[in-house]
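Chemist: next input, structure requested:
(chains A and B)
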2 protein chains.
Amino acid sequence: MSLLVVGTVAFDVLETPFGKTDKIIGGAATYISLAASYLLPEIRLVSIVGDDFPQETIQAFQNRGIDTSGLQIKSGKKTFFWKGKYHLDMNTRDTVETQLNVLGEFDPILPEHFKDSKYLMLGNLMPSVQQRVLEQLHMRPKLIVLDTMNYWMDHYWEDLMLNLKNVDVLTINDSEARQLSGEYSLVKAAVKILSMGPKYLIIKKGEHGALLFGEGQIFIAPALPLEEVFDPTGAGDTFAGGFISYLARTEDISFENMKRAVIHASAMASFCVEKFGTERLEELSLDELAQRHKLFRALTHYEMDLNTINQLV
Amino acid sequence: MSLLVVGTVAFDVLETPFGKTDKIIGGAATYISLAASYLLPEIRLVSIVGDDFPQETIQAFQNRGIDTSGLQIKSGKKTFFWKGKYHLDMNTRDTVETQLNVLGEFDPILPEHFKDSKYLMLGNLMPSVQQRVLEQLHMRPKLIVLDTMNYWMDHYWEDLMLNLKNVDVLTINDSEARQLSGEYSLVKAAVKILSMGPKYLIIKKGEHGALLFGEGQIFIAPALPLEEVFDPTGAGDTFAGGFISYLARTEDISFENMKRAVIHASAMASFCVEKFGTERLEELSLDELAQRHKLFRALTHYEMDLNTINQLV
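Modeler: Next up, the predicted model:
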């Protein structure tokens, strides 16, 4: 059930209609690893930070079972920094400032004991960097999940296409699915994207839930209706971490089990947005997780004999 | 199980990214009645048209069990006309032209044998006209469902508020729910709207499905992911007709049964948008209905023991 997570570890400054943060810990690999740490005793993290990154955060990662031996710390350099601002609908955001810093020189080096990982989560990164990870593995993982974004579609199309041929599951949001496929209809978009390589596609729609496509089937997971979405940062990465950790923990990559994984992923994402940054993801209890799973079930579960309609018409 | 439907019967001209129509039959009560006619042997229609309205359409209504004795035909007058244009996302539309015609003088007169109706669907109309229907009933129906729109919120707020105190279920779309409540969060909006009178609220979100609120619970129905939404006109009314006809047919207005009614409503709406106007609603077979119910079940159904998470964490 070994899970390898590759992605950014960052400093974020966030502004939402509900408030602003100081510099807090962010990054795709941070959210993925924290979310995954609830189901897996060990997570293998590959990322890069500067020596401005707090040692106590690295210690906190380790306390949650995150193996940081693949976390490069560049002395005299600064950690990747992102400042973002959300609009009222919380589904759109502006990047106010990006400082690449150490991320500009990121060469993901896998420690020897990471090279037999059975599950691989490639967080959103330059496609060629994601490719470098695949090259170092001793054998192909049982499941590779890849996240990406519009920027790489705009500027690194060919590298991205190469990666798509090598992965099992692609996770993107609805506007990215439209951009990648050139199709407005998400059903048509999914058909095109699945022809690019991935066997499964997850389209994340924020407050409108998520769609799982594959094996000629579609599954729809709701998002939990919340009084307030406090901060959506990291929700997509938390979703990905919840998804792959569920599959790794249960060691079952069937479509039926992917449905359950998508529900668990949605449950984890629903916690993420309740507070700023990773705060909520650091404190979840087993009871809260169990209650949230019950809530999700109640949201969409109904009892209806499939012969009912024949009897009524 | 008697169902009374009050609303517009109209001529529409529609333009979508997929094409244009000539003048076709439309109107809220048309879609509601057609959708309901699949589950109920008799529908009581109250509406108004001009003498330009085709007799063969009235005959077609009657052939589907729609009692047109409450359909006023004004000689020398023209039927309500609406011309609309949809944008690419199909969730927003512009009104190009409206001719009120006979609708401006609509006084809904209930035939005597309509006055004992057990189920009442008040389609989108001026609130005072909806109120006039309630005044004529011999006794309060078992269930009253009301549809309305932003225009009445803008111009007839007090009349609308009066109506909301008298109905059981309100159906509106997400932007209308936000306008009615002044809340962006749909959960907060629902709490406020339920305090205005209705015991249940359905928020329709187009391609993102529908939310049912009531008795402290939330149920989410998906929309069927389609290759093309050909024409969304009437989808909300078809949903309403599917919803109330399911409740009337099963004579069960519990929250559990409303969940099933919302699924049936979503299934009916998914047919509506597959062709222009009412075309698809005139030709459904029992087999198509049964298949669509199966599809909806597969979209959100998953098997997961609620103790699973306790065993995995």
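
Chemist: what segments of the stretch 101-250 of chain A are strands?
Modeler: Secondary structure of the stretch 101-250 of chain A (DSSP state E, counting those that start in this stretch): strands located at A:119-122, A:143-147, A:169-173, A:200-204, A:210-214, A:217-221.

Chemist: just checking: what are the partner strands of the second one?
Modeler: The pairing partners recorded for strand A:143-147 under DSSP bridges are strand A:119-122 (parallel), strand A:169-173 (parallel).

Chemist: go through those and pick out the most buried.
Modeler: Across the strands paired with strand A:143-147, averaging neighbours per residue (mean count of other CB atoms under 10 Å in any protein chain shown) puts strand A:119-122 on top, at a mean of 29. (Each C-beta comes from the backbone N, C-alpha and C, glycine too.)

Chemist: tell me the contacts of the spatially closest residue to A:L103 that is not a sequence neighbour?
Modeler: Leaving aside its sequence neighbours, A:L103 sits nearest to A:F80 (CB to CB, 6 or more residues apart in numbering or on different chains; 4.1 Å). For A:F80, the contacting residues are A:8-11, A:27, A:48-49, A:99-103, by CB atoms under 8 Å, 6 or more residues apart in numbering or on different chains.

Chemist: among the residues you listed, which are in helices?
Modeler: Among the contacts of A:F80, no residue falls in helices (DSSP state H).

Chemist: residues in contact with the worst-scoring helix or strand of chain A on mean pLDDT?
Modeler: Ranked by mean pLDDT, DSSP states H and E, the weakest helix or strand in chain A is strand A:19-20, scoring a mean of 90. For strand A:19-20, contacts defined as CB under 8 Å, 6+ apart pick out A:13-14, A:276.

Chemist: please name the strands paired to it in the sheet, noting orientation.
Modeler: Sheet pairing for strand A:19-20, using DSSP bridges, gives strand A:10-16 (antiparallel).

Chemist: pull out the buried residues from the strand it pairs with.
Modeler: If you call a residue buried by 16 or more other CB atoms under 10 Å in any protein chain shown, then strand A:10-16 has these buried ones: A:10-16.

Chemist: how about stretch A:149-164?
Modeler: Judged by neighbour count (16+ other CB under 10 Å), stretch A:149-164 contains these buried residues: A:149, A:152-153, A:156, A:159-160, A:162-164.

Chemist: quick one: which two of these are the most distant?
Modeler: With CB to CB as the measure, no two of the buried residues of stretch A:149-164 lie farther apart than A:M149 and A:L162, at 16.6 Å.

Chemist: if we can go back for a sec, now tabulate the strands paired with strand A:143-147 in a markdown table and tack on mean pLDDT.
Modeler: Formatted as a markdown table, those follow (pLDDT from 0 to 100):
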| stretch | mean pLDDT |
| --- | --- |
| strand A:119-122 | 98 |
| strand A:169-173 | 97 |
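
Chemist: same list (those strands) but as CSV, adding distance to B:A189.
Modeler: Shown next, in CSV, are those (distance: least, CB to CB, whole Å):
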stretch, distance to B:A189
strand A:119-122, 36
strand A:169-173, 24
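
Chemist: nearest to B:P111, of those strands?
Modeler: Comparing the strands paired with strand A:143-147 by CB to CB, strand A:169-173 comes nearest, at 52.9 Å.

Chemist: contact residues of the stretch 151-300 of chain A facing chain B?
Modeler: A:184-188, A:205, A:208-209, A:211, A:217-222, A:225-229, A:246, A:249-250, A:256, A:259-260, A:263-264, A:286, A:289-290, A:293-294, A:297-300 (CB under 8 Å from any CB of the partner chain).

Chemist: and the helices in the stretch 201-313 of chain A?
Modeler: A:235-250, A:255-272, A:286-300, A:308-312 (DSSP state H, counting those that start in this stretch).

Chemist: pick the most deeply packed of these.
Modeler: That would be helix A:235-250, which, of these, has the most neighbours on average (mean count of other CB under 10 Å), namely a mean of 28.

Chemist: picking that back up, mind putting the helices of the stretch 201-313 of chain A into CSV with mean pLDDT and distance to B:I109?
Modeler: Formatted as CSV, the helices of the stretch 201-313 of chain A follow (pLDDT from 0 to 100; distance: least, CB to CB, whole Å):
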stretch, mean pLDDT, distance to B:I109
helix A:235-250, 98, 54
helix A:255-272, 98, 50
helix A:286-300, 97, 43
helix A:308-312, 92, 31
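
Chemist: reformat these as TSV; add distance to B:N173.
Modeler: Below are these laid out as TSV (distance: least, CB to CB, whole Å):
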stretch	distance to B:N173
helix A:235-250	25
helix A:255-272	23
helix A:286-300	20
helix A:308-312	26
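
Chemist: from memory A:K115 sits against A:L137, does it?
Modeler: Yes. Between A:K115 and A:L137 there is a contact under CB atoms under 8 Å: 5.5 Å.

Chemist: the two - which one has more neighbours?
Modeler: Higher neighbour count among A:K115 and A:L137: A:L137, with 16 against 13, using other CB atoms under 10 Å in any protein chain shown.

Chemist: quick one: pLDDT of the more buried one?
Modeler: The model reports A:L137 with a pLDDT of 98.

Chemist: where do the helices sit along the stretch 1-150 of chain A?
Modeler: Going by DSSP H, counting those that start in this stretch, the stretch 1-150 of chain A shows helices at A:28-36, A:55-63, A:127-136, A:150-155.

Chemist: for the longest one, which outside residues touch it?
Modeler: Think helix A:127-136. Here helix A:127-136 makes contact (CB under 8 Å, 6+ apart) with A:4, A:6, A:46, A:106-110, A:115, A:120, A:122, A:144, A:146, A:148, A:152, A:156, A:159-160, A:162-163, A:166.

Chemist: and it with strand A:143-147, angle?
Modeler: 170 degrees (axes from the mean of the first three to the mean of the last three CA atoms, to 10 degrees).
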